[in-house]
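Student: my questions are about this predicted structure, shown below with the sequence.
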Amino acid sequence: MPTAKTVILCAGDFPRHPVPLAILEQAVRVVCCDSAAENLLAWGRRPDCVIGDLDSLSPQLQATLQSCLVKVAEQETNDLAKAFRHCLSQGWDDLVILGATGRREDRTLGNISLLADFSLSCPQIEMVTDFGRFLPLNSSGTVACRPGQAVSIFSFNPQQEITSEGLLYPLKKLRLTRWWQATLNTVMSNEFSLTLTGQGTVLVFLQH
């Protein structure tokens, strides 16, 4: 299970699975994307920072959380990107993103794709959901897992060739031009490896 000193909590579905809930409980600090602060308070924890344009927070809640509000008015990036930039500016680079999926499919896809961008300056970042975790790879590497664990692989560069070892359905210099092409695979041992040819980020999804 990934650990983090800093959790970025988005305003998607609040975690229910024991894995993301344990990450949230153990976090040193929680940075909330705007209205996610309300969900965290209802869970019983006060956010350490709330960032965004704050248009989703009631005046009463803004007054309650005034000391930890960081308002960013620009509309060119979403609240997750704003929270990520703020965390790096504070030197908080041990990051796990929670609550980034659910509610709206467009926001879910946007948040997942941002993980590829974030990994360029924060390679160890992960996103954890109630069903599994996304981790980015920017170069060839080995991923620890368990035998029989479900895995899916997504590439952000359709020209990149991917070769795998340790998967039930091997990838052999496969170029992923569509997101479905390397989904629903299975790990055969305690680890698997991906060899990446060319530049580009690959997202690995491992089911809990």
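Tutor: Sure thing, it's come through. As the structure is a prediction and not an experimental result, all values here were calculated from the model. Residues are numbered from 1 along each chain as shown.

Student: isn't I51 up against V72?
Tutor: Yes: the criterion here is Cβ atoms under 8 Å, and I51 meets it with V72 at 6.3 Å. No exception for glycine: its C-beta is placed from N, CA and C like everyone else's.

Student: who has more neighbours, those two?
Tutor: I51 (26 against 17; other Cβ atoms under 10 Å).

Student: report pLDDT for the residue lying closest to the more buried one once chain neighbours are set aside.
Tutor: Leaving aside its sequence neighbours, I51 sits nearest to V70 (Cβ to Cβ, 6 or more residues apart in numbering; 4.3 Å). Note on V70: pLDDT of 85.

Student: check contacts around V70.
Tutor: 49-51, 86 (Cβ atoms under 8 Å, 6 or more residues apart in numbering).

Student: re earlier: which neighbours do I51 and V72 share?
Tutor: 82, 86.

Student: run through the helices of this structure in chain order.
Tutor: Using DSSP state H, the helices of the chain run over 18-26, 36-43, 59-64, 79-89, 105-118.

Student: dump those to a markdown table, plus distance to S139 and mean neighbour count.
Tutor: Listed next are those as a markdown table, based on distance: least, Cβ to Cβ, whole Å; neighbours: other Cβ atoms under 10 Å:
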| stretch | distance to S139 | mean neighbour count |
| --- | --- | --- |
| helix 18-26 | 25 | 17 |
| helix 36-43 | 32 | 19 |
| helix 59-64 | 43 | 12 |
| helix 79-89 | 21 | 20 |
| helix 105-118 | 13 | 16 |
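
Student: what's the least confident stretch among those?
Tutor: For those, where the average pLDDT is lowest is helix 59-64, sitting at a mean of 82.

Student: output it as CSV, restricted to C-alpha atoms.
Tutor: Output of helix 59-64 as CSV, limited to C-alpha atoms (Å, rounded to 0.1, in the frame of the first residue of the first chain):
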residue,chain,number,x,y,z
PRO,A,59,-19.8,31.5,3.2
GLN,A,60,-20.2,29.7,6.5
LEU,A,61,-17.6,27.0,5.5
GLN,A,62,-15.2,29.6,4.2
ALA,A,63,-15.4,31.4,7.6
THR,A,64,-14.8,28.1,9.4
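
Student: which residues sit against it?
Tutor: The contact list for helix 59-64, computed with Cβ under 8 Å, 6+ apart, reads 37-38, 41, 54, 69.

Student: verify the contact between P170 and S164 for me.
Tutor: Yes: taking contacts as Cβ under 8 Å, P170 lies within contact range of S164: 5.5 Å.

Student: so for these two, which sits in the more crowded spot?
Tutor: S164 (20 against 13).

Student: bridging residues for that one?
Tutor: Listed by DSSP bridges, the beta-bridge partners for S164 are L194.
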